[in-house]
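[1] need a 3D model of the sequence below.
(2 chains, ligands or ions: 3)
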Amino acid sequence: MIHQLSWKVGGQQGEGIESTGEIFSIALNRLGYYLYGYRHFSSRIKGGHTNNKIRVSTTPVRSIADDLDILVAFDQESIDFNFHELRDGGIVIADAKFNPTIPEDRNVTLYAVPFTDIATNLGTSLMKNMVAVGASSAVLDIDISAYQEVVQEIFGRKGQQVVEKNMEAIRAGAQYMKEQLGDRMQTMKLAKADGKKRMFMIGNDAIALGALAGGARFMAAYPITPASEIMEYLIKKLPELGGAVIQTEDEIAACTMAIGANYAGVRAFTASAGPGLSLMVESIGLAGMTETPLVIVDTQRGGPSTGLPTKQEQSDLMAMIYGTHGEIPKIVMAPSTVQEAFYDTAEAFNLAEEYQCPVIVLSDLQLSLGKQTVEPLEYDKIEIRRGKLVTGELPPLEKKGNFKRYEVTEDGISPRVLPGTPNGIHHVTGVEHAETGTPSEAAANRKAQMDKRLRKLKNIQFNTPVHKNVKHDEADLLIVGFLSTRGAIEEAIERLEQDGVKVNHAHIRLLHPFPTEEVLPLVEAAKKVVVVEQNATGQLANILKMNVGHAEKIVNVLKYDGNPFLPNEVYTKCKELL
Amino acid sequence: MATFKDFRNDVKPNWCPGCGDFSVQAAIQRAAANLGLEPHQLAVISGIGCSGRISGYIHSYGFHGTHGRALPLAQGVKMANRNLTVIAAGGDGDGFAIGMGHTIHAIRRNIDITYIVMDNQIYGLTKGQTSPRSDVGFKTKSTPQGSVEPALSIMEIALSAGATFVAQSFSSDLKELTSLIEEGIKHKGFSLINVFSPCVTYNKVNTYDWFKENLVKVSDIEGYDPSDRAMAMQTVMKYKGLVTGLIYQNKEQKSYQELLHGYSETPLTEADLRLSKEKFEELVAEFM
Ligand SMILES: Cc1ncc(C[n+]2csc(CCOP(=O)(O)OP(=O)(O)O)c2C)c(N)n1
Ligand code: SF4
Ligand SMILES: [Mg+2]
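    Ligands and ions are numbered 1, 2, ... in the order given. Below is the predicted model:
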């Protein structure tokens, strides 16, 4: 009986590899298992190796596994590409059609199952994926009735016959294994899960749902990997709430339109990845200068330029913190789990209105597209706070046109009136302006307005700017990370601790303004600070050095080959640094 | 009821004396008053250029954005609050060079806003460089030997991009301009009004006198029918774009907002920001 399992299905893109993984994982999620799925894919539609690696566990998991228990292969390439991940005693279940072979020097069992033939006999070779799901289930000793509901949901609209056929294919796959192999079949019996219903979603789903819950009613965006799911979800859901999504001509328009909509008073946002963010840099400055609330999601992928469009990276950090000419107040936040992606996105809309500035919700490909089991999201935790938005009636102005939209205040935040409001007329401009919004180049005014804008974030209220796991007053290591590396770091820490290494962990959730006061004591209490991040230049480490100093004890653990950090990689690198 | 004076503020324009943009400002103020608008019901969204300053000279809500981006800003404003009257305004460089992509797409998207371009065939604010509207041979700081690129025929482009309201005017003709702006605002959908608005400082070719000599009113052309797109296209081509008046209007085509599935009839700015508990549970359940 095992409590955890790592399963992978691989084949050619466009062959239904995704749906194999989907059906398998949704069914297991509904049985109450915790899952973490990560897709390896490339920037083409048909052809090219793709795989979906899914970790199944009876307890929460936040990272993909180091190795693999079962590999389901639809072609030899999938075996060749992924074989090294299989643990000793692992299993390959491959389509007999291509006469699969595996290296003989390893203790791995190969089952060649006629996926395609069985499916063809049942009506269509398209169902070979279902046969593979059935074969996997036999090995795991999962009753195939677990798939009935999912298959119904996915194929129901194609008619009951299609549903039945697909279930039959699953059954046939399982049966083949049992009949052909009988007692010789090596099983990996999964311990029963708790049967609780939990959400199963990718980070982008959580971001999109968070935006809805946070009051976003307008989105403007341009398609890009790995951000498009956010727009696609809202295109389905916003009309139900009277809202709208516009697919714009480019990201400059998307971001500027979101600014226009926010200025007019609706909660609006845009989402993109690096190439789109590069185009938005101009408008981010406009929002900063005009103190217009704005939420932008950046789902990072491999850069620079078009870079690695379908691969994991965390290399936009500096660009997100500093990207725009001149100096503006800006908030950059970095959720580390799917749950956080939901709550943080909702909160981003509050912060944008409270501080009247751009808020960037940073994500990365692994967080945005990795599919995870999520503990229930709580409705009551969602707040709507609109800051100094003036609602209700305004007294007539003494003089025409002089509502002080940019009034110099102690906290730097000025009252905000929406267009359409009687007696609130003012001007908004990206040119330096006086309190009424009228352009002004006067030196004293410039200084007053600049100071006012930058003062706004001095005392930012942010819930848990750093996720801390601090067990030691004095630690051998402090591991610092952000975004999706959290799971890999946590597992590495468990192993390091087992080896007797004292490790604290700081996962940064508010990247800008940097929570120096929270992080500094942890840095001081550690002999060495290891910054784990997915880029080539150590951007977070540099931010850390800038803000907390102690450059002499800060070291980098970097990965920028396009693949997520595995727990073991973090563990090994940390060991080397001790 | 507001008069055009109520749309004036006390900011002194920094335009050169004689600049065509003064009359465009006056025409917007008159049109707004004639339509019975109150200043707070109007939002003027402008780009960057001499012309872009216009939003600061009108007593209404105004947003002076970035160079070339007046249209995305204005469309965002309108989508958020469909009760506002939204005018986008800027120069020929703003709309037809750096912002051309937005212009084409705003035309075909057909959101109900009015776009007024102050076309002086030159870059005014940056002190006299060529613009996409400058004629071949036009000498500027950036084309000392004369421009070799042909001028862009914005009327033809607008017509072929599917515009539902295309007009052109001349800033000297305050009466025609005012009435076209009124018609543009009343039009349900995107209205483009290109205004020949002379730059007296840097354009010594396309002067007031030059326009008076060369412009033809479509209303003076016998049998002109602004609902006939082919006729509009032929006329624009025949007169090399030097025509004024209502060039084309399609009154049948519905605006983006009217066509958009699910889009609220009340302004989005009035929407309840909080999801109902039922709706939230329903959305969550879809991921289980
Ligand atoms: C991104 C960017 N590039 C360049 C400029 C400089 N710039 C300001 S206005 C302008 C052109 C102005 O010409 P036009 O749009 O025709 O307006 P006009 O001044 O003639 O009214 C330029 C190039 C800028 N503000 N922003
Ligand atoms: S430079 Fe030309 S466009 Fe600019 S204000 Fe002077 S006359 Fe008008
Ligand atoms: Mg110009």
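[2] wait, A:I93 sits on A:D69?
    No. Shown here, A:I93 and A:D69 do not form a contact pair, counting by Cβ atoms under 8 Å, at 11.2 Å. Glycine gets a C-beta too; all of them are placed from N, C-alpha and C.
[3] between the two, which one's more packed in?
    Between A:I93 and A:D69, counted using other Cβ atoms under 10 Å in any protein chain shown, A:I93 has the larger neighbour count: 25 against 22.
[4] residues in contact with the host helix or strand of the more buried one?
    Taking DSSP states H and E as the definition, one finds A:I93 inside strand A:86-95. The contact list for strand A:86-95 (Cβ atoms under 8 Å, 6 or more residues apart in numbering or on different chains) reads A:67-75, A:78-79, A:83, A:100, A:102, A:106-116, A:128, A:132, A:135-136, A:139, A:186, A:188.
[5] keep only those of these that are in helices.
    With DSSP state H as the criterion, helices contain A:S78, A:I79, A:F115, A:T116, A:K128, A:A132, A:A135, A:S136, A:V139 from among the contacts of strand A:86-95.
[6] can you give me the strands in the stretch 201-350 of chain A?
    For the stretch 201-350 of chain A, the strands defined by DSSP state E, counting those that start in this stretch cover A:216-221, A:244-247, A:267-272, A:294-300, A:331-333.
[7] to clarify, my last question referred to the stretch 1-150 of chain B.
    Under DSSP E, counting those that start in this stretch, the stretch 1-150 of chain B gives strands at B:42-46, B:61-64, B:85-91, B:114-119, B:122-123, B:129-130.
[8] and ligand 3, which of those strands is closest to it?
    Shortest distance between ligand 3 and these, using Cβ to the ion, is found for strand B:85-91: 3.6 Å.
[9] tabulate the strands of the stretch 201-350 of chain A (JSON lines), appending mean neighbour count.
    Shown next, in JSON lines, are those (neighbours: other Cβ atoms under 10 Å in any protein chain shown):
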{"stretch": "strand A:216-221", "mean neighbour count": "28"}
{"stretch": "strand A:244-247", "mean neighbour count": "22"}
{"stretch": "strand A:267-272", "mean neighbour count": "30"}
{"stretch": "strand A:294-300", "mean neighbour count": "29"}
{"stretch": "strand A:331-333", "mean neighbour count": "23"}
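[10] so what's the residue in the stretch 201-350 of chain A positioned nearest to ligand 2 up against?
    When distances are taken as Cβ to the nearest ligand atom, the stretch 201-350 of chain A reaches nearest to ligand 2 at A:L286, 22.3 Å away. In this structure, A:L286 makes contact with A:T256, A:I259, A:T292, A:G430, B:G65, B:T66, B:R69, judged by Cβ under 8 Å, 6+ apart.
[11] pLDDT score for the last one?
    In other words, B:R69. Looking at B:R69, its pLDDT is 98.
[12] also the first one?
    According to the prediction, A:T256 has pLDDT 98.
[13] give the contact list for it.
    A:T256 makes contact with A:S283, A:L286, B:G65, B:T66, B:R69, B:P72, B:L73, B:G76, according to Cβ under 8 Å, 6+ apart.
[14] mind showing which ranges of chain A have poor pLDDT?
    A:400-401 (pLDDT under 70).
[15] what's the longest helix in it?
    helix A:160-181.
[16] compute the inter-axis angle for it and strand A:86-95.
    120 degrees (axes from the mean of the first three to the mean of the last three Cα atoms, to 10 degrees).
[17] what's the burial count for the residue nearest to A:M185 when sequence neighbours are not counted?
    The spatially closest residue to A:M185, leaving aside those adjacent along the chain, is A:M177, at 5.8 Å (Cβ to Cβ, 6 or more residues apart in numbering or on different chains). When neighbours are counted by other Cβ under 10 Å, A:M177 registers 21.
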